[in-house]
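1. need the 3D shape of this:
(chains A and B)
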Amino acid sequence: MSTGTFPALRGYPRADGRKGIRNVVVVGYLVECAHHVARHITSRFTDREVHLIGFPGCYPNAYAEKMMQRLCTHPNVGAALLVSLGCESMNKSWLEQQIAASGRPVHTLTIQKTGGTKKTIAAGVEWVQWALDELGGMEPVPMGVDELVIGTTCGGSDGTSGLTANPAVGRAFDALIAAGAACVFEETGELIGCEPHMVQRAVTPELGGEIMRSMEKAARYYATLGYGSFAVGNSDGGLTTIEEKSLGAYAKSGASAISGLVKPGDVPPSGKGGLYLLDVVPDGEVRFGFPNINDNAELAELIACGAHLILFTTGRGSVVGSAISPVIKVCANPETYRAMQDDMDIDAGSILEGRATLEEVGREICDRVVAIGNQVQSKSEELGHQEFILTYKSFEPIGPACLPVSMPFSIGAVR
Amino acid sequence: MGSFDSRVILLAPEDNCVAVAATLAAGTRLLIDGAMVLIERDIGIGHKLARRDIAPGEKILKYGAIIGSATRPIARGAHIHLHNLASDYLPTYTLPPAG
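-> Sure thing, here's the model as predicted:
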């Protein structure tokens, strides 16, 4: 089942036809009031694949429910425990039905009905242990690179990001797409200034129009908020303006045609290969604050789009990982790599020092993708990083022009 | 086109800035587009230097694309950053210097 020059991976087959490169038991709190109990349950299994996710809000939000549904039925997830306080607005019976319909073991514990903190923790630990025993009997099967969805994002960018790590990820993306993988790049707010070029890369003029509209939305949204997606560390690292940061970030997308525009939770079709732009900026009036308040919000959205793993480029030196999907750190800055090597998977700064070419680093990234798809842990996984954040947003569904190619399988009702 | 020191990179032929590929100490002399320039203060890896004299209001080009406009005169070899370059889209937020 290997594709092109890529060796086979090993994955856990799921009922919807997708495969996962991990077999995680996810523990999801459905309001902040249930977070402590869910964290306690998860903390009993620190050396096992038991990850904590959740939504803090008590008010209803369709985006958050869709995100939780997509995350709990992600191919890297084998079973899900939901922890509810009991009075929050999240539609937990719908969520539980969706997870059960995906063929996964699922259980909901409501703290108010279970007898409070201690009893719920005890019941949760018992259920997670049962789920781990169930999943322990599953054998991974051969999986092709063409079955992968791969996301990319940058965090802690500096002036070296656009010279080394980002174009190297672009080379890797081109090779992975040619081998049939679906690759997703994102953060339209960090692509401001690149829109004319992106429009030309769209596979249809209608898709180009959708990309232009999403970019205009991003510019308008951030202008209303007063600042672009640009942190203090970006300027310390030599980046001066949002358009300069954007041009460097854009290099992660490589040179392939853009096959579609998706929004958080939309899973692009894999098998045919394709490059997808994830529009992370909410639709409508500016509500709920900044689109993504930090890098982990973007990781969660890429994972909700089905990303099995994430290529994360950094110049200043980010250390984060994520619940559910492995994060591979591609370090752009050779000085940062020397200072923080324990956290970095790939030394792309070697390009600036003449120790490797862009092609060689691109190939190294592809090799690492194959290794991670064969149960090797990334650095952030080894170190136990499982950051997760989900906040309020609102989106309209994508229109037909956004995905000129059709979806190969059903992934549950869109709310 | 003149020659360039290996510690700077001209990313596109039409650019009026170069990217710094290694940290430069104050007092360093290096060749930018055929002219020797003196680096007056420490410059971090990934920062930008002017390839030639730039007038206020001129667009700064990097990767062959516009990254903003010069806000004051910039001499060849000078550091291009927040003090002399502004976005054409959104302002850049910075913290006051520590201490």
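
2. which one is the residue of chain A found nearest chain B nearest to, not counting chain neighbours?
-> Closest residue of chain A to chain B, C-beta to the nearest C-beta: A:G159 (2.4 Å). All C-beta atoms are positioned from the backbone trio N, CA, C, and that covers glycine. Leaving aside its chain neighbours, A:G159 sits nearest to B:G46 (2.4 Å; criterion: C-beta to C-beta, 6 or more residues apart in numbering or on different chains).

3. what's the burial count for the residue of chain A closest to chain B?
-> Applying other C-beta atoms under 10 Å in any protein chain shown, we find 29 residues neighbouring A:G159.

4. quick one: residues contacting it.
-> A:237-239, A:248, A:315, B:19-20, B:44-48 (C-beta atoms under 8 Å, 6 or more residues apart in numbering or on different chains).

5. what is the nearest of those to A:C331?
-> Nearest to A:C331, judged by C-beta to C-beta, of the contacts of A:G159 is A:G315 at 7.7 Å.

6. any idea how many residues pack against that closest one?
-> Neighbours of A:G315 (other C-beta under 10 Å): 34.

7. hmm, who's touching the longest strand seen in chain B?
-> Under DSSP state E, the strand in chain B containing the largest number of residues is strand B:65-70. Contacts of strand B:65-70 with the rest of the structure, by C-beta under 8 Å, 6+ apart, involve A:193, A:240-241, A:243-244, A:247, B:12, B:54-61, B:80, B:84-88.

8. those residues in strands, which ones?
-> Those of the contacts of strand B:65-70 lying in strands (DSSP E): B:59-61, B:80, B:85-86.

9. dump those to CSV, plus pLDDT and distance to A:P140.
-> Shown next, in CSV, are the ones in strands among the contacts of strand B:65-70 (pLDDT from 0 to 100; distance: C-beta to C-beta, whole Å):
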residue, pLDDT, distance to A:P140
B:K59, 97, 53
B:I60, 97, 51
B:L61, 96, 50
B:I80, 98, 51
B:L85, 97, 51
B:A86, 95, 53
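
10. just the buried ones from the contacts of strand B:65-70?
-> A:193, A:240-241, A:243-244, A:247, B:54, B:60-61, B:80, B:84-87 (16 or more other C-beta atoms under 10 Å in any protein chain shown).

11. list the buried ones in stretch A:330-348?
-> Going by 16+ other C-beta under 10 Å, stretch A:330-348 has these buried residues: A:330-337, A:340, A:343-348.

12. just those that are near chain B?
-> A:333-335 (C-beta under 8 Å from any C-beta of the partner chain).

13. spell out which residues of the stretch 101-250 of chain A are next to chain B.
-> Residues of the stretch 101-250 of chain A lying near chain B (C-beta under 8 Å from any C-beta): A:158-163, A:192-193, A:219, A:222-223, A:226-228, A:230, A:232, A:235-244, A:247-248.

14. restricted to buried residues, select the residues you listed in PyMOL.
-> The PyMOL command for the buried members of these (criterion: 16+ other C-beta under 10 Å) is given here:
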select buried, chain A and resi 158+159+160+161+162+163+192+193+219+222+228+230+235+236+237+238+239+240+241+242+243+244+247+248
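
15. helices of chain A, residue ranges please.
-> A:35-43, A:62-72, A:92-101, A:111-114, A:117-136, A:165-178, A:195-201, A:205-225, A:232-236, A:242-250, A:295-304, A:334-339, A:358-372, A:379-382 (DSSP state H).

16. could you export these as a markdown table, including mean pLDDT?
-> Formatted as a markdown table, the helices of chain A follow (pLDDT from 0 to 100):
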| stretch | mean pLDDT |
| --- | --- |
| helix A:35-43 | 98 |
| helix A:62-72 | 98 |
| helix A:92-101 | 98 |
| helix A:111-114 | 98 |
| helix A:117-136 | 98 |
| helix A:165-178 | 97 |
| helix A:195-201 | 93 |
| helix A:205-225 | 94 |
| helix A:232-236 | 90 |
| helix A:242-250 | 93 |
| helix A:295-304 | 97 |
| helix A:334-339 | 98 |
| helix A:358-372 | 97 |
| helix A:379-382 | 98 |
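
17. so which of these is the most surrounded?
-> helix A:242-250 (a mean of 27; mean count of other C-beta atoms under 10 Å in any protein chain shown).

18. neighbouring contacts of that one?
-> Residues from elsewhere that reach helix A:242-250 (C-beta under 8 Å, 6+ apart): A:154, A:157, A:159, A:161-163, A:166, A:187, A:190-194, A:197-198, A:228-230, A:234, A:239, B:62-63, B:65-68, B:87-90, B:92.

19. repeat for stretch B:2-9
-> Residues outside stretch B:2-9 that contact it (C-beta under 8 Å, 6+ apart): A:163, B:10, B:18-22, B:24, B:30-35, B:49.
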